[in-house]
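Got a predicted structure plus its sequence, pasted below:
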Amino acid sequence: MNKFIFIILLFMGTMLSAQQNEYPKFAEQDYDTTYYKVSIHTYAHGELAVKVINVLNKKYRNSSDKAWLDVYKNKKKVFGEYFDEGDLDALGYYGGLYAPQPKTQQSWFAVVKLGGYDGQLYLIGKNGLVIKLLGGCYFITKDARYLFSEYRSDLAGVAVFDLQEAKQIFSSTWSTPRISQWYSRDGEYFFTEAVYNDTTREWHENIKEIHVFSFVKNMFIVKEITQETIKNSHKITYNFDPKRDIK
């Protein structure tokens, strides 16, 4: 990848403008209820209305056939995106748009797109700004300052977003190993790597080293550890995990 482009992706993230691309409009009458199940949800986010539409083909239970994400302010659309079957193909997992509901009011509204080997996280600010990150599952740090988003794809990846400054500070699918478990300890956030055992044909947690995120350097640093490091650390629970939260 071109070094300049990589740096832009790494530190700036993807900000999506209000300009709309041409795509098919949703019309519920187009979908025979014999074959399709339509799900329409509208969520209030400050002065915004976030509309999430999934059209589920009943033949494929875990995957939406089409989906729309629309954001309105004062009844005027300020953002819209359409996903077709290729974007949402579950491929043995889940496919579609999901809007995890936080227990408390937050500055950013999250919508996760799964499927098509390309998990995405849309963060919607109360001013209508929409930012797209690598996505699939995510957690927010204890101080509510940062969001860590884990990529759901055939590649491993992770993005880190500064919720206060409204900017992505890290994103990579090239050097990130497969993640086994996230932990926190003394204000640090890190993960252990999943390694494959050819004999047992299973994935196991590597507890000889950890990948610690440095908020100073905005990058992960590999450190060797002992069993005590893990024992004295807190296992992190995702705010949204498809395996747990999608029924």
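Right, received. Where do you want to start?

switch to C-alpha atoms for all contacts and neighbour counts from now on
Will do.

any idea of the mean pLDDT in the lengthiest strand in the chain?
The residue-count maximum for a strand in the chain (DSSP state E) belongs to strand 202-214. Per-residue pLDDT over strand 202-214 has a mean of 94.

buried set for the helix or strand that that strand is followed by?
Under the assignment DSSP states H and E, the closest C-terminal helix or strand after strand 202-214 is strand 219-224. Neighbour counts over strand 219-224 (16 or more other Cα atoms under 10 Å) mark Met219, Phe220 as buried.

thinking again about what came up before, elements contacting the longest strand of the chain?
strand 179-185, strand 188-197, strand 219-224, helix 227-231 (3 or more Cα pairs under 8 Å, 6 or more residues apart in numbering; DSSP states H and E).

Mind putting these into a markdown table with mean pLDDT?
Shown next, in a markdown table, are the helices and strands packed on strand 202-214 (pLDDT from 0 to 100):
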| stretch | mean pLDDT |
| --- | --- |
| strand 179-185 | 97 |
| strand 188-197 | 94 |
| strand 219-224 | 96 |
| helix 227-231 | 91 |
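
Distance to Tyr93 added to the ones you listed, as CSV?
Output for the helices and strands packed on strand 202-214, formatted as CSV (distance: least, Cα to Cα, whole Å):
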stretch, distance to Tyr93
strand 179-185, 17
strand 188-197, 19
strand 219-224, 28
helix 227-231, 30
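
nearest to Ser171, of these?
Among the helices and strands packed on strand 202-214, the nearest to Ser171 by Cα to Cα is strand 219-224 (9.0 Å).
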